[in-house]
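*Asks:* everything below, folded, please.
(one chain, ligands or ions: 1)
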Amino acid sequence: MPSKKALVRHPSPRLAEGLVTHTARSPIDTALALRQWAGYVETLRSHGWQTVEVDPADDCPDGVFVEDTMVVFRNVALIARPGAGSRRPETAAAERAAADLGLSINRVREPGTLDGGDILKVGDTVYVGRGGRTNAAGVRQLRAAFEPLGARVIAVPVTRVLHLKSAVTALPDGTVIGHPPLVDDPSVFPHFLPVPEESGAHVVLLGGGRLLMSASAPKTAELFATLGYAPVPVDITEFEKLEGCVTCLSVRLRDLYE
Ligand SMILES: NC(=O)NCCC[C@H](N)C(=O)O
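*Replies:* Model prediction:
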């Protein structure tokens with residue numbers, strides 16, 4: 001049976017100090033953020049996902065964005081080397097959690113930098129965003145780690161947003177979705193569907209056509225419903241203020257077999 005496990009990490013008490021790069025800083029309501037995080041985790045659980053908490057990293061304001069700490073392909077976790085120095089201490093406990101789940105561990109090494117948010121997997125195709133956080137050495141190390149396992153790694157430029165997955169994610173049929181003003185070049189994707197809202201570009205595939213997505217994208221949710229999907233909206237406003245989205249709050253492990 002394929003497992004549905006997701007790594008998550010409790011928000012740091014210093015969340016409000018999280019990095020912002022492409023947006024203006026606005027105040028974070030930490031209590032609301034905690035409630036929103038609990039709601040996100042509960043939504044994963046109620047849709048059949050077993051959530052596993054990575055040990056908290058209270059000194060790392062951005063630790064809750066656990067997706068950035070690794071990329072998992074088949075049974076290998078490539079532990080990231082975050083492009084932002086302040087985020088590097090986040091990876092140690094994430095690596096322990098991945099190893100405890102039985103994943104083989106590989107690591108991005110200096111001079112490579114790579115954030116998990118820059119990687120979008122569509123079947124065996126692994127798109128990697130070359131942008132502010134992931135450098136060319138990181139891309140090369142990703143290829144070296146996953147091409148021998150059958151991945152086709154395609155590097156694409158990311159200049160308008162923080163991470164590749166801030167710009168695009170994919171529907172269950174492999175259609176890549178994005179809000180056009182934020183996508184460098186939609187023509188790199190074989191099937192691309194424009195969505196009307198920035199936060200509509202981010203979906204987590206819960207299984208069975210259910211799409212976990214931000215409640216801030218009602219028009220996009222309507223569009224997905226007309227395409228036969230079931231949107232599952234969650235409020236994540238406090239994380240969006242820090243350039244986070246639904247994908248970055250977890251690492252989904254779909255390929256583990258028990
Ligand atoms: N994968 C993601 O989209 N991660 C969001 C990270 C946001 C955090 N404030 C950062 O700048 O690193």
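
*Asks:* measure the nearest residue to P196 once chain neighbours are set aside to the ligand for me?
*Replies:* Counting by Cβ to Cβ, 6 or more residues apart in numbering, P196 lies nearest to K219, which is 4.7 Å off, once chain neighbours are set aside. (Glycine included, C-beta is placed from N, CA and C.) Taking Cβ to the nearest ligand atom, to the nearest Å as the measure, K219 falls 21 Å from the ligand.

*Asks:* same deal with V8?
*Replies:* Distance from V8 to the ligand, by Cβ to the nearest ligand atom: 13 Å.

*Asks:* do I236 as well
*Replies:* For I236 relative to the ligand (Cβ to the nearest ligand atom), the value is 11 Å.

*Asks:* do I have it right that that residue meets T43?
*Replies:* No. If you go by Cβ atoms under 8 Å, I236 and T43 don't touch, sitting 10.4 Å apart.

*Asks:* next, give phi and psi for V188.
*Replies:* Dihedral angles of V188 (phi, psi; degrees, to the nearest 10) stand at phi -80, psi -10.

*Asks:* pLDDT score for the residue in the stretch 51-200 of the chain positioned nearest to the ligand?
*Replies:* Across the stretch 51-200 of the chain, the shortest distance to the ligand (Cβ to the nearest ligand atom) belongs to G117, at 2.3 Å. Per-residue pLDDT puts G117 at 98.

*Asks:* neighbour count for I236 and T43, which is higher?
*Replies:* Using other Cβ atoms under 10 Å, the more surrounded residue of I236 and T43 is I236, with 25 against 18.

*Asks:* output the set of residues of the stretch 51-200 of the chain in proximity to the ligand.
*Replies:* Residues of the stretch 51-200 of the chain found near the ligand (Cβ under 6 Å from any ligand atom) are 62, 65, 67-68, 84, 87, 117, 162-163, 165-166.

*Asks:* let me see the contact set for the residue nearest to P196.
*Replies:* 196-197, 200 (Cβ atoms under 8 Å, 6 or more residues apart in numbering).

*Asks:* adding secondary structure, distance to V176 and pLDDT, write the residues you listed out as CSV.
*Replies:* Formatted as CSV, those follow (DSSP: H, G, I helix; E, B strand; the rest coil; distance: Cβ to Cβ, whole Å; pLDDT from 0 to 100):
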residue, secondary structure, distance to V176, pLDDT
P196, coil, 16, 98
E197, coil, 16, 98
G200, helix, 13, 98
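
*Asks:* by neighbours, which of these wins?
*Replies:* Among the contacts of K219, G200 has the most neighbours (other Cβ under 10 Å), with 25 neighbours.

*Asks:* gap between that one and N135?
*Replies:* Counting by Cβ to Cβ, to the nearest Å, the gap from G200 to N135 is 29 Å.

*Asks:* could you do A16 as well?
*Replies:* For A16, the distance to N135 equals 28 Å [Cβ to Cβ].

*Asks:* and G208, how many neighbours?
*Replies:* With neighbours defined by other Cβ under 10 Å, the count for G208 comes to 10.

*Asks:* pLDDT at it, what is it?
*Replies:* pLDDT recorded at G208 is 94.

*Asks:* and the longest helix belonging to the chain, how far out from the chain's middle?
*Replies:* Assignment by DSSP state H gives helix 30-46 as the longest helix of the chain. Mean C-alpha position of helix 30-46 versus that of the full chain (Cα atoms, centre = their mean, to the nearest Å) differs by 16 Å.

*Asks:* pull out the buried positions in stretch 174-193.
*Replies:* Neighbour counts using 16 or more other Cβ atoms under 10 Å place 176-179, 182-184, 189, 192-193 of stretch 174-193 among the buried residues.

*Asks:* could you work out the end-to-end span of it for me?
*Replies:* End-to-end span of stretch 174-193 (Cα to Cα, to the nearest Å): 10 Å.

*Asks:* starting at the chain centroid, how far to it?
*Replies:* Averaging C-alpha positions (Cα atoms, centre = their mean) puts stretch 174-193 17 Å from its chain's average.

*Asks:* and it, what's its mean pLDDT?
*Replies:* pLDDT averaged over stretch 174-193 gives 98.
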